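Below are the sequence and a predicted model for it; my questions follow.
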Amino acid sequence: MANRGRGKGVYIVIQIIRVLVAAFAISAALSGHVAAAIVGNLYDEELVVESQSRDVLKQGAAKALERVFIRVSGRRQVRDNPIVSAALADPEPYMTQFRYQRNRSADGADELVLKLSFSPRQVNATLQSGGLPIWSANRPAVLVWLVADTVDGRQFVGAEASADIMAALQAEAERRGVVVQMPLFDLADSSNLSVNQLWQMSEEDVRLASARYSTPFILMGRVTQFSTGQWVGSWVVLQGDQSLRIDSDGLTDSDVFAPPIDYLADMQAASYSVSAVAGSSSNTLIHVSGINDFASYASLVTYLEGLAVIQHANTVWLDKDELILELVLKDDMEKVKRFLSLDGRLLETTADGAKAVPRPVRGYYQWSGRHL
């Protein structure tokens, strides 16, 4: 009877904690302390249109929805999927809102911009029905070191210079949902990396200059615009100890940025997108230590349930600063580990020093609660 009473008491405590966690998460989100996503506006799109007619709206909505499907799935090509193709033929049910706005283009011309928002639930459901993956807004950052050689000379892009080139880079990154982070270009960066070192494409120098940023991906590059208007670019993608060289060219700056951005998006989506096949979820148990107070517990659960690969994180055992969580997964545990490695908030450890636990677990982790 004593053991049964104790078990019931633990169950009640866990239920109370989960209710409090929900309240904590809502409060934190409203106060801006919980970042719900890295990429904003995944399901929004805008494009220049000729008029506000019904036909133009439908055509524009189809084009915008296709861009959203590409960005959310992480796939370059989605139109050949019959489920997606049917959605593009009738895009209006996916729209949650749209509006028009008059803008001035870069050359000073008046243009009409159509801004649309689409239903995340319907977009995700269509991808799932089509057997395509879903790549959530929680995405790894890419640190970009870029030098441009134009009529203005050679200079870093992003250091309060080359605004047009920077805008083109950002536009390509937004097209695929790649998170671009530019260096601070402060005194430390100035002493760590020069324009000439980057122009020489020195991987060692770029790695040393990038150490302070702790991003999982680095894109280093140099682009040249010739007098004919032609662009040529050379790029190196750095991930850990690995590197890959990419060359690009085109008539516009967007053309020269597309190949490295597409490569990064393809590579990241392959690692971090989640299988959308219905009924593919599985459960696993992990042991977590370092939970010293309720705020730590609430942050841990909120963090885990915010990862695209985890549907729920349910507490099944707790004792002082240690607990066992049952993770309801949308994919496999290996993909969970990839997400955890992005920010270092939940670090994998060993069973050494852990209390004897009542249930077998898949792995042991230490909650640090902070980004690396």
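Looks like it arrived, so ask away. Only a predicted model underlies this, so the values are computations on that prediction, with no experimental measurement involved.

so what's residue 245 closest to, chain neighbours aside?
Spatial nearest neighbour of residue 245, excluding adjacent residues (CB to CB, 6 or more residues apart in numbering): residue 236 at 5.3 Å. C-beta coordinates here come from the backbone N, C-alpha and C atoms, glycine included.

how about that neighbour, secondary structure?
strand (DSSP: H, G, I helix; E, B strand; the rest coil).

That one bridge partners, please.
Note on residue 236: beta-bridge partners residue 220, residue 245, judged by DSSP bridges.

what's the distance between it and residue 341?
Distance of residue 236 to residue 341, given as CB to CB, to the nearest Å: 22 Å.

for residue 299, same thing?
18 Å.

Give me the more crowded residue out of those two.
Neighbours were counted for residue 299 and for residue 341 using other CB atoms under 10 Å; residue 299 has more, 22 against 14.

Quick check: the more buried one touching residue 346?
No: in terms of CB atoms under 8 Å, residue 299 does not count as a neighbour of residue 346; the distance is 10.4 Å.

Tell me where the model's unsure across the chain.
Scanning the chain for pLDDT under 70 picks out the ranges 1-38, 276-281, 370-372.

so who does the nearest residue to residue 218 once chain neighbours are set aside touch?
Leaving aside its chain neighbours, residue 218 sits nearest to residue 238 (4.0 Å; criterion: CB to CB, 6+ apart). By CB atoms under 8 Å, 6 or more residues apart in numbering, the residues touching residue 238 are 203, 206-207, 210, 217-220.

Go through the residues you listed and flag which are in strands.
217-220 (DSSP state E).

Closest to residue 354 out of those?
residue 217 (33.2 Å; CB to CB).

Test my guess that the closest one contacts residue 143.
Yes: counting by CB under 8 Å, residue 217 touches residue 143, with 7.1 Å between them.

list the contacts for residue 221?
Neighbours of residue 221 in contact, by CB under 8 Å, 6+ apart: 144-147, 233-236, 260.

Can I get those residues in a markdown table including neighbour count?
Shown next, in a markdown table, are the contacts of residue 221 (neighbours: other CB atoms under 10 Å):
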| residue | neighbour count |
| --- | --- |
| 144 | 27 |
| 145 | 24 |
| 146 | 26 |
| 147 | 24 |
| 233 | 23 |
| 234 | 18 |
| 235 | 24 |
| 236 | 19 |
| 260 | 28 |
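
mind putting those residues in a markdown table, distance to residue 135 included?
Formatted as a markdown table, the entries for the contacts of residue 221 read as follows, by distance: CB to CB, whole Å:
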| residue | distance to residue 135 |
| --- | --- |
| 144 | 20 |
| 145 | 25 |
| 146 | 24 |
| 147 | 30 |
| 233 | 25 |
| 234 | 28 |
| 235 | 22 |
| 236 | 24 |
| 260 | 18 |
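
what does stretch 167-185 rub up against?
With contacts defined as CB under 8 Å, 6+ apart, stretch 167-185 is touched by 38-39, 42, 67, 70-72, 74, 135, 137, 139-146, 156-160, 166, 189, 209, 213, 215, 252-254, 257-258, 261-262, 264-265, 268.

go with 6 Å
38-39, 71, 139, 141-144, 158-159, 189, 253-254, 257-258, 261, 264-265 (CB atoms under 6 Å, 6 or more residues apart in numbering).

where exactly do the helices run in the stretch 51-200 of the chain?
Secondary structure of the stretch 51-200 of the chain (DSSP state H, counting those that start in this stretch): helices at 54-73, 82-89, 120-129, 163-176, 187-192, 195-199.

Next step: the contacts of stretch 167-185 restricted to strands.
Using DSSP E, the members of the contacts of stretch 167-185 that fall within strands are 141-144.

Which helix or strand contains residue 338?
helix 333-343 (DSSP states H and E).

So what touches that helix?
The contact list for helix 333-343, computed with CB under 6 Å, 6+ apart, reads 140, 271, 284, 307, 309, 346, 371.

Closest to residue 81 out of those?
residue 271 (21.4 Å).

Contact partners for that closest one?
Here residue 271 is in contact with residue 338 (CB under 6 Å, 6+ apart).

Format the CA atom coordinates belonging to the host helix or strand of it as PDB.
Following DSSP H and E, one finds residue 271 within helix 253-272. Extracted C-alpha coordinates of helix 253-272, given in PDB (Å, rounded to 0.1, in the frame of the first residue of the first chain):
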ATOM      1  CA  ASP A 253      24.300  38.500 -58.400                       C
ATOM      2  CA  SER A 254      21.400  36.200 -57.500                       C
ATOM      3  CA  ASP A 255      22.700  33.700 -60.000                       C
ATOM      4  CA  VAL A 256      26.100  33.500 -58.400                       C
ATOM      5  CA  PHE A 257      24.600  33.000 -54.900                       C
ATOM      6  CA  ALA A 258      22.100  30.300 -55.800                       C
ATOM      7  CA  PRO A 259      24.400  27.300 -56.100                       C
ATOM      8  CA  PRO A 260      26.000  27.500 -52.600                       C
ATOM      9  CA  ILE A 261      22.700  28.400 -51.000                       C
ATOM     10  CA  ASP A 262      21.000  25.400 -52.700                       C
ATOM     11  CA  TYR A 263      23.800  23.100 -51.600                       C
ATOM     12  CA  LEU A 264      23.500  24.200 -48.000                       C
ATOM     13  CA  ALA A 265      19.700  23.900 -48.000                       C
ATOM     14  CA  ASP A 266      19.900  20.400 -49.500                       C
ATOM     15  CA  MET A 267      22.500  19.300 -47.100                       C
ATOM     16  CA  GLN A 268      20.800  20.700 -44.000                       C
ATOM     17  CA  ALA A 269      17.400  19.400 -45.000                       C
ATOM     18  CA  ALA A 270      18.800  15.900 -45.500                       C
ATOM     19  CA  SER A 271      20.000  16.000 -41.900                       C
ATOM     20  CA  TYR A 272      17.300  18.000 -40.100                       C
END
